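Colleague: here you go, sequence then predicted model.
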Amino acid sequence: MQIPVGAQEEVVREGDLLTINMGPQHPSTHGVFRMILTLDGETIVSCRPVMGYLHRSVEKLAESRTYLQNIIFTDRLDYLAPMTTNLPYAMATERLANIEVPERAEYIRVIMCELQRFASHCVAVGTFASDTGAFFTPMMYTFQAREQILDIYDMACGARMTVSYIRYGGIARDVTDEAIARIRKFVGEMDRAVDEVESMMTGNEIFKARTQGIGVLPADASLAYSMSGPMLRGSGIPYDIRRADPYSVYPRFDFEIPTRPGGDCYDRYMVRIAEMRQTKKILEQALRDLPGGPVMGKVPKVFRPAKGYAYARTESPKGEIGFYIESDGKVEPYRFHIRAPSFINLGVLSQLVIGQKVADAVVILGSIDIVMGEVDR
Amino acid sequence: MFGSGIAKGLATTFGHLFKPKVTDEYPEKRSPLATGFRGLPRLVYDEDPEDLRCVACSICANACPVDVIHIETHRGPDRKLVLDRFDIEAGGCVFCGFCVEACPFEALTMMHGFEIAAYNREQLLWTKEMLAIKATPRTLADMERIHGPKEKEEAKKEAVTAPAKTAAAAVPGGAGGEASAEAATATPPPPRAKVEMPPEGTGTSPEPGAPPGPADSLSQAPGPAPSATAVGESGGGAANGVTPSGS
């Protein structure tokens, strides 16, 4: 069949190969992400990822705003995990200006970030289930748990998603006793929420058939592509910034770094589930030890760090997130760079999908767990 | 046995049929918002809607990361700043609350609600009259939560007992000394129409009345004084309109 010129730019026949366009408006691409796939029948021969549909020039915008004002950009990078994106920015700024953070603020930061990890994995696992064909039922249940975390954020900082909560020097405001009670109640329910998801997915034969042995990323390849987060741990490498380069009060807590040896989509899912259980462990310890006191350290009214640069990295739900901030002594940063885990984890996608079926491309993309706000930034 | 995993999942789904619903039937039923909810910024008045707490100092406009607060002022007969225009482009507001945190006069709070949708952009421009909100216990509770932990309360207490000491103490570290030293020498910037720090209305007392003299107020005020310093330092307030604000 002859395709009219200009009707579908990307649909071109070359011999037996077919080039198709997937995205940027495809519901399975988790945002505005586009893949140009070359197919041989149902099998993918090559994949070209196209990014930049959500580019907002955050790094450049941040150079014309004060350090405080830049916090709002960190909310909007990984919009499914704003707390864990606030934290490395705050830490980098603190290193730049030598600010001490009070004990209570550190604990509340850990509590909020671990809740965020749970919420982000809820979305990752829920949408992953939708990608494998479980049409929205598991997602509704995981979102139910996530909704409670968002309510806790509402109580703590007045916003559900664009929190702007973790500031350099501490946190924006203290959590109320009411919110702490709510967190305690939720921590008690976490296991049940994870069990519920697992009952629907982990043992499900269809789910296993769709994910086991699909998108296998060997350990050496995962290192070569500088993967981080569940992508790396799903390939059997126990690397977690919370252990490898401890920050905040994480060294005080007892928790495990779950890994799985296989490196396929199923193992990445299992790592996320195991991390959700570890999160509960950390939260219980943090709530038990939560000290009193102030939540904001001494921060100069005119925040103008001395010349220099600082880099801080933390373990976000997606992987290693880092902020590089360079100051030239003015009120706004001279350079503001973000090491976004979603972007770097996405780099391996074009290799993972080769030789897989078209339907598996969706599953593999879902198992990487990207957020386009962070990829394009 | 093949299918046992699927059966387990179906049992979970079936079990949910008998559990209470977790969703709210918005808009008929609304779950309450937490104290300190960050809605649209609003201007607080105590008794008379015409008599706002705002003293037109523009600190909020400087703190705004997205520049949606537009302030125009003129000087009244007693050299006091009079607020002509206080507009917020609700369409651009990111609800970060930095303006409320920055306000040293507790003149701003945030709306306890989120329903500000409009049919066109003109309706999204909130003027001074639309933004005015009465200071009720709920408004003040919201404001207190949004302000967060500040040395401000302590600074205010100190200001009551020893106002002279506060000037150096409120701005900690070397920045404080630098600021007050420069502020003492700096001439007050000329009054400008928009987003510029006026010398008046920067006293530590929350009452809008009786502003102290320009030089005096600059050296005493913990919040606004550094802004004036920064403007002076960056070559006579040139280039960028971004001045630092109290965090």
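Modeller: Nice, I can see it. Residues are numbered from 1 along each chain as shown, chains lettered A, B, ... in the order given.
Colleague: which residues of chain B fall in strands?
Modeller: Applying DSSP state E to chain B gives strands spanning B:41-45, B:69-75, B:81-89, B:108-110, B:125-126, B:132-134.
Colleague: need the residues that contact the shortest one.
Modeller: So the one you mean is strand B:125-126. Here strand B:125-126 makes contact (CB atoms under 8 Å, 6 or more residues apart in numbering or on different chains) with B:40, B:87, B:88, B:89, B:90. Bear in mind the C-beta positions are built from the backbone N, C-alpha and C, glycine included.
Colleague: ok, it: who's next to it in the sheet?
Modeller: Looking at strand B:125-126 with DSSP bridges, its partner strands are strand B:81-89 (antiparallel).
Colleague: with the fourth one instead?
Modeller: Paired strands of strand B:108-110, with direction, are strand B:41-45 (antiparallel) (DSSP bridges).
Colleague: how far off strand B:69-75 does the strand it pairs with point, in degrees?
Modeller: 30 degrees (axes from the mean of the first three to the mean of the last three CA atoms, to 10 degrees).
Colleague: could you export strand B:41-45 as CSV, CA atoms only?
Modeller: Extracted in CSV, the C-alpha atoms of strand B:41-45 (Å, rounded to 0.1, in the frame of the first residue of the first chain):
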residue,chain,number,x,y,z
PRO,B,41,-2.4,34.6,48.8
ARG,B,42,-4.9,37.0,50.3
LEU,B,43,-4.6,40.4,51.9
VAL,B,44,-5.6,40.6,55.6
TYR,B,45,-7.6,43.4,57.1
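Colleague: the bottom helix or strand of chain A by mean pLDDT?
Modeller: Every helix and strand of chain A was ranked by mean pLDDT, DSSP states H and E. The lowest is strand A:12-14, at a mean of 54.
Colleague: hang on, the earlier thing: okay, the strands of chain B, which one's buried deepest?
Modeller: strand B:108-110 (a mean of 27; mean count of other CB atoms under 10 Å in any protein chain shown).
Colleague: name the residues that touch that one?
Modeller: Residues contacting strand B:108-110 (CB under 8 Å, 6+ apart): A:158, B:37-44, B:54, B:60, B:95, B:97, B:99-100, B:133, B:139-140, B:142-143, B:146.
Colleague: state the pair within the contacts of strand B:125-126 that is farthest apart.
Modeller: Spatially, the most separated pair among those is B:40 and B:87, at 12.0 Å (CB to CB).
Colleague: now residue A:48: phi and psi?
Modeller: phi -120, psi 110 (degrees, to the nearest 10).
Colleague: what bridges to it?
Modeller: residue A:36.
Colleague: nearest residue to the residue nearest the centre of chain A in space, please, no chain neighbours.
Modeller: Centroid-nearest residue in chain A: residue A:318, 3.2 Å away (criterion: CA atoms, centre = their mean). The spatially closest residue to residue A:318, leaving aside those adjacent along the chain, is residue A:341, at 4.2 Å (CB to CB, 6 or more residues apart in numbering or on different chains).
Colleague: near chain B, which residues of the stretch 101-250 of chain A?
Modeller: Neighbours of chain B within the stretch 101-250 of chain A, by CB under 8 Å from any CB of the partner chain: A:137, A:141, A:144, A:147, A:151, A:154-155, A:157-159, A:162, A:164, A:167, A:169-170, A:172-174, A:176, A:196, A:199-208.
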